[in-house]
Structures are given as structure tokens and as C-alpha cells.
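J.: Got a predicted structure plus its sequence, pasted below:
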Amino acid sequence: MPDDPRHPQASTESFLEGRLRALDAVYRRFGRESLKDYTLGDVTMLLAAKRMELRDTPGGRDAPDQQKAARRLLELEIRDLSGHIDAQLSGAGLSTLQRAESRLQYRAERPDPSRGQQAAKPRPGPERE
């Protein structure tokens, strides 16, 4: 029963190739915002695959217009994916800093039990010139 949909034929595609194809399809259909549902490792793997594809794509002045357009599309996708990864990395650092800052502000505003009900005075920071 080779035509039975419940028993797919053995494919030569590896798990990673299937994963990359699925990620690329989601990215092409829904754009950069859809990648927020995936791990940073998966998106980095997609970026690395796109970079290798660009490296292997023939280019130059002699290339037909179709090849030039495909190469330019790859370059734009690589830029977009790099920006997405950078935003995710900087966003993670920023949220961590904001949480730490909010904890410090909470401690500074909290009354000190040893002094009665007086709030602790904020410490002066380093003076800038």
C-alpha cells in the first residue's frame, strides 16, 4: 500500500532539514514576528542555513537577473533574521536589567524598621561632569 496516507514513504530528509524547511515556510508566510514562538537556537540555525545558502549561490555581474534577485532576497532575509536575533538578545538583557532596577527601587522606597517609619534616603550616585 504505497499510496496509503497513514504510512508515509521513507524519505531521505533528516530531522534538521525538515525543521529548517518548516521554519523557513513559517518565516516566509508570516514574517519576522512569527519567529517569536521559536527558540533562539532554532532561529540561529535558520540564519546559519541562509548564510550557507548565500555563500553557495553564484553571484556576480554575469548572473542573470533572476539569480541576482534571489541573491538579494537572501541578503535581505539574513539581515532581517540577524536583526531579530539581536533584538531578542538585547531585549532579554534589558528585561533583566529592568527587573533588577525595579527591585532596587522597591528596597529604597521601603521603610527601614530600625529607624521607625522613615524611608531610607536614596544614596547619591557618582557625579558626572
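T.: Here it is on my side, so go on. Numbers count the residues shown, from 1 in each chain.

J.: From residue 66, how far off is the nearest residue to residue 83 once chain neighbours are set aside?
T.: With C-beta to C-beta, 6 or more residues apart in numbering as the criterion, residue 83 has its nearest non-adjacent residue at 7.8 Å, and that residue is residue 32. C-beta here means a position set from N, CA and C on the backbone, and glycine is covered the same way. To residue 66, residue 32 is 25 Å away according to C-beta to C-beta, to the nearest Å.

J.: Pick out whichever of these two has more residues nearby.
T.: Taking other C-beta atoms under 10 Å, residue 32 and residue 66 do not tie; residue 32 has more neighbours (14 against 8).

J.: List the contacts of that one.
T.: Residue 32 makes contacts with 80-81, 83-84, as judged by C-beta atoms under 8 Å, 6 or more residues apart in numbering.

J.: do you know how far it is from residue 47?
T.: From residue 32 to residue 47 the distance is 12 Å (C-beta to C-beta).

J.: Mutual contacts of those two, please.
T.: residue 81.

J.: of the contacts of residue 32, buried ones?
T.: Neighbour-count burial (16 or more other C-beta atoms under 10 Å) is assigned, among the contacts of residue 32, to 80-81, 84.

J.: In helices, which of these fall?
T.: Applying DSSP state H to the buried ones among the contacts of residue 32, the entries found in helices are 80-81, 84.

J.: could the residues you listed be laid out in CSV, adding pLDDT and distance to residue 38?
T.: Formatted as CSV, those follow (pLDDT from 0 to 100; distance: C-beta to C-beta, whole Å):
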residue, pLDDT, distance to residue 38
80, 94, 15
81, 95, 11
84, 91, 10
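
J.: could you dump those to a markdown table with distance to residue 28?
T.: Below are those laid out as a markdown table (distance: C-beta to C-beta, whole Å):
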| residue | distance to residue 28 |
| --- | --- |
| 80 | 11 |
| 81 | 12 |
| 84 | 14 |
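
J.: I'd like to know which of the residues you listed is nearest to residue 21.
T.: residue 81 (15.5 Å; C-beta to C-beta).
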